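Peer 1: okay, sequence plus prediction incoming.
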Amino acid sequence: MDFINPLANNYTEAYSNATPSYLKSLYEETLATHEHGHLQSSWTQGGFLSFISKILTPSYILEIGSFTGFSALCLAEGLTNSGELHTIELRADDAKKAKAAFDKNPRSNQIHIHIGDAKEIIPTLHKKWDLVFIDADKTSYIEYYDMVLPLLNENGIIMVDNVLFHGDVLEESIKGKSAKAIQAFNEHVLLDQKTEQVMLTLRDGLTLIRKI
């Protein structure tokens with residue numbers, strides 16, 4: 001779901017071209033056929049993920065929340081030739097769709113999908129991450145953040161989606177479990193003296209975090 005003006009979204013999409021064009025069919029199929037297609041990263045956001053990944057040229061990427069695979073494939077654009085992307089999806093049906101998309105990609109041997117609870121899976125991966133993208137259940141954001149921060153390489157970045165939560169966090173009285181969780185997460189990160197962050201009004205809000 002986009003929070004900013006739809007006309008602004010359309011304009012920025014028209015003047016952005018970093019999203020891999022080969023992903024258009026996957027992107028449009030998810031929007032057209034998936035019951036929760038609106039949960040997919042927007043086309044322009046996918047370009048942003050790809051852009052950041054190409055700048056960092058990461059060896060190890062972690063994604064929490066695969067959905068149908070669009071965002072993971074955008075993130076994979078910057079992987080080193082020997083790099084690995086590990087993506088975690090709780091829902092088996094979505095993981096199956098993502099795996100099918102990964103299998104068609106030239107980097108398929110570098111992309112590893114894990115099905116289950118991220119809080120149980122992350123400790124088993126034994127990696128130091130260069131790039132982390134958090135886009136899963138909002139009530140667990142603080143736990144995910146606290147888990148991956150010690151595993152982040154010195155120049156690594158954590159990106160966190162939906163930090164505006166449809167604008168609900170702007171209300172004087174925040175309602176709803178997920179909106180309250182996002183507000184708590186935003187405050188948690190702001191008060192963390194180990195990191196610095198910048199929150200962007202891209203789509204539904206995206207925060208970039210790095211260690212200091």
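Peer 2: Perfect, thanks for sending it.
Peer 1: okay, CA-based contacts and neighbour counts for the rest of this
Peer 2: Will do.
Peer 1: list the contacts for the closest residue to Ser16 other than its chain neighbours?
Peer 2: In space, and not counting its chain neighbours, Ser16 is closest to Thr44: 6.8 Å by Cα to Cα, 6 or more residues apart in numbering. Neighbour list for Thr44: Thr12, Glu13, Ser16, Ala18, Thr19 [criterion: Cα atoms under 8 Å, 6 or more residues apart in numbering].
Peer 1: how about a cut-off of 7 Å?
Peer 2: With contact set as Cα atoms under 7 Å, 6 or more residues apart in numbering, Thr44 has these partners: Glu13, Ser16, Thr19.
Peer 1: and if you look at Leu164?
Peer 2: Residues in contact with Leu164 (Cα under 7 Å, 6+ apart) are Asp204, Gly205.
Peer 1: now the helices for the protein?
Peer 2: Taking DSSP state H, the helices of the chain run over residues 6-14, 24-33, 43-56, 70-75, 92-103, 118-121, 141-148, 177-190.
Peer 1: buried ones in the second one, by neighbour count?
Peer 2: By neighbour count on 16 or more other Cα atoms under 10 Å, the buried set for helix 24-33 is Leu26, Tyr27, Thr30, Leu31.
Peer 1: now do that helix, average pLDDT.
Peer 2: In this model, helix 24-33 has an average pLDDT of 97.
Peer 1: report the distance from that helix to the chain centre.
Peer 2: The chain centre lies 18 Å from the centre of helix 24-33; the measure is Cα atoms, centre = their mean, to the nearest Å.
Peer 1: tally up the residues packed near Gly46, please.
Peer 2: Counted with other Cα atoms under 10 Å, residues neighbouring Gly46 total 22.
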